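Visitor: okay, here's the prediction I keep looking at, along with the sequence it came from:
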Amino acid sequence: MERGEVGDVRKKRSKWAIPLVLLVVLVLLIIIAVVLGVTLTGRQSAGLKTDFLNRCQNFKGYDCENIWKTFKQVFVNRDPCNVSEEAYDPLIAAVPFKRLCNQTMLWSKTNKAVHELTTGRDCLQTIEDTVLGSSLNNLSWCGMKGSEETFTTGCPEWNECVNNSVRSFWRRASAAFAEAACGDVSVMLNGSISTPFNPTSVFASIEVPRLNSTKVKSLNIVLVTNSVSNCSNASLQSLKTKLDQRIVYTCKEVTESQITDCSAKPDCGRCW
Ligand SMILES: *[C@@H]1O[C@H](CO)[C@@H](O)[C@H](O)[C@H]1NC(C)=O
Ligand SMILES: *[C@@H]1O[C@H](CO)[C@@H](O)[C@H](O)[C@H]1NC(C)=O
Ligand SMILES: *[C@@H]1O[C@H](CO)[C@@H](O)[C@H](O)[C@H]1NC(C)=O
Ligand SMILES: *[C@@H]1O[C@H](CO)[C@@H](O)[C@H](O)[C@H]1NC(C)=O
Ligand SMILES: *[C@@H]1O[C@H](CO)[C@@H](O)[C@H](O)[C@H]1NC(C)=O
Ligand SMILES: *[C@@H]1O[C@H](CO)[C@@H](O)[C@H](O)[C@H]1NC(C)=O
Ligand SMILES: *[C@@H]1O[C@H](CO)[C@@H](O)[C@H](O)[C@H]1NC(C)=O
Ligand SMILES: *[C@@H]1O[C@H](CO)[C@@H](O)[C@H](O)[C@H]1NC(C)=O
């Protein structure tokens, strides 16, 4: 009888032990998943916001918290492939590009060289040297339909869809940046590739058509060359014809070492 009782208790315990353990494990897994999910998405959005604010605050006189809110509103709770260039109009209106006379530097396929020249030398400005461009340079961002979160991973690639949150920003901002150009404008193009002026580039398709001869006197090509292409290249001749004919066109071949030398010059005099 006694053994039988003990046996019953044992049987009872072993009957419930496994489901109970499973239940506890399940509850723990759910808790871990929820905590992990919250901190991961939380960290993602905090990362973008922190990066944005830190970089924005390097510029004096901007209400960075408000700029962040205006920026975020463009793409949160939206399909990342359904953010048009015009959706960024409120952001551009809130942070307009200053009219830059004789200081605008456009570029295509010369990311490193052009910023070597403009960074830390207050003579020429690329879009990445402005408050908006600097705050978003190299970042990826998107939203998701039905969520108020911002995401930095899993966002569409540049050419994955036409109207994606990152591409639309750069196209809209580049248009506004070119419209703000004035006086003598420079553009650094890459002479190590066969078509330094590529008709599908942002420079060709967005910026050139917006250089307005009522403000812009000249467009000065700085062709960084190591003997592949030179200023006689046919693609550059086509740039000349695409340009508003009242804007003076010049082209100069320079080497990367000339750029390095120039970036060390403290004054804003001519480098070539
Ligand atoms: C894209 O966004 C607009 C609002 O800007 C909306 O009217 C439209 O339905 C969206 N399209 C898709 C396919 O989600
Ligand atoms: C992208 O947005 C523009 C509006 O700016 C719209 O006219 C066009 O149809 C959109 N393209 C696609 C593929 O959704
Ligand atoms: C721009 O540069 C040209 C030529 O160097 C000069 O004549 C002109 O005054 C400059 N304009 C401004 C607004 O600085
Ligand atoms: C020009 O393009 C080539 C090939 O993409 C690249 O390796 C090189 O760094 C570029 N030159 C400049 C000055 O950016
Ligand atoms: C962006 O990336 C380039 C090269 O990939 C790097 O040189 C530059 O410092 C980066 N800029 C920022 C603001 O992170
Ligand atoms: C150039 O600017 C003038 C005056 O601001 C404006 O009337 C004209 O439409 C502009 N032209 C182009 C091609 O944007
Ligand atoms: C420019 O490049 C072309 C083709 O590579 C070459 O035939 C021509 O002599 C070059 N012109 C100059 C001025 O270097
Ligand atoms: C010059 O431009 C033409 C087309 O615009 C291109 O096909 C050619 O390869 C370019 N480069 C050289 C080195 O000739």
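Guide: Cool, got the structure. Numbers count the residues shown, from 1 in each chain. Ligands and ions are numbered 1, 2, ... in the order given.
Visitor: for the rest of this, base every contact and every neighbour count on C-alpha atoms.
Guide: Noted.
Visitor: mind telling me which residue of this protein is nearest ligand 8?
Guide: Of the chain, the residue with the smallest distance to ligand 8, taken as CA to the nearest ligand atom, is residue 235 at 3.3 Å.
Visitor: now the closest residue to that residue other than its chain neighbours: phi and psi?
Guide: Of all residues beyond its chain neighbours, the one nearest residue 235 is residue 197 (5.3 Å), with distances taken as CA to CA, 6 or more residues apart in numbering. When read as degrees, to the nearest 10, the backbone of residue 197 gives phi -110, psi 100.
Visitor: and what of residue 106?
Guide: Backbone torsions for residue 106, taken as degrees, to the nearest 10, come to phi -90, psi 170.
Visitor: which residues does it form beta bridges with?
Guide: residue 187 (DSSP bridges).
Visitor: picking up where we left off before, hang on, the residue of the chain closest to ligand 8 is in a helix, isn't it?
Guide: Yes - the secondary structure assignment for residue 235 places it in a helix, going by DSSP: H, G, I helix; E, B strand; the rest coil.
Visitor: isn't it up against residue 200?
Guide: No - in terms of CA atoms under 8 Å, residue 235 does not count as a neighbour of residue 200; the distance is 11.9 Å.
Visitor: what about the residue in the stretch 51-200 of the chain that ligand 4 sits nearest to, how many neighbours?
Guide: When distances are taken as CA to the nearest ligand atom, the stretch 51-200 of the chain reaches nearest to ligand 4 at residue 110, 3.3 Å away. Other residues near residue 110 number 19, with proximity taken as other CA atoms under 10 Å.
Visitor: thought it was touching residue 189?
Guide: Yes - Residue 110 sits in contact with residue 189 when judged by CA under 8 Å, with a separation of 6.2 Å.
Visitor: give the residue spans of the stretch 1-150 of the chain that score low on pLDDT.
Guide: Along the stretch 1-150 of the chain, segments meeting pLDDT under 70 span 1-46.
Visitor: show me where it has helices.
Guide: 2-56, 64-75, 89-94, 111-118, 131-136 (DSSP state H, counting those that start in this stretch).
Visitor: and the residue of this protein closest to ligand 7?
Guide: Closest approach of the chain to ligand 7 (CA to the nearest ligand atom) occurs at residue 230, with a separation of 4.8 Å.
Visitor: pretty sure residue 162 is touching residue 85, no?
Guide: No - with contact defined as CA under 8 Å, residue 162 does not count as touching residue 85 (9.7 Å).
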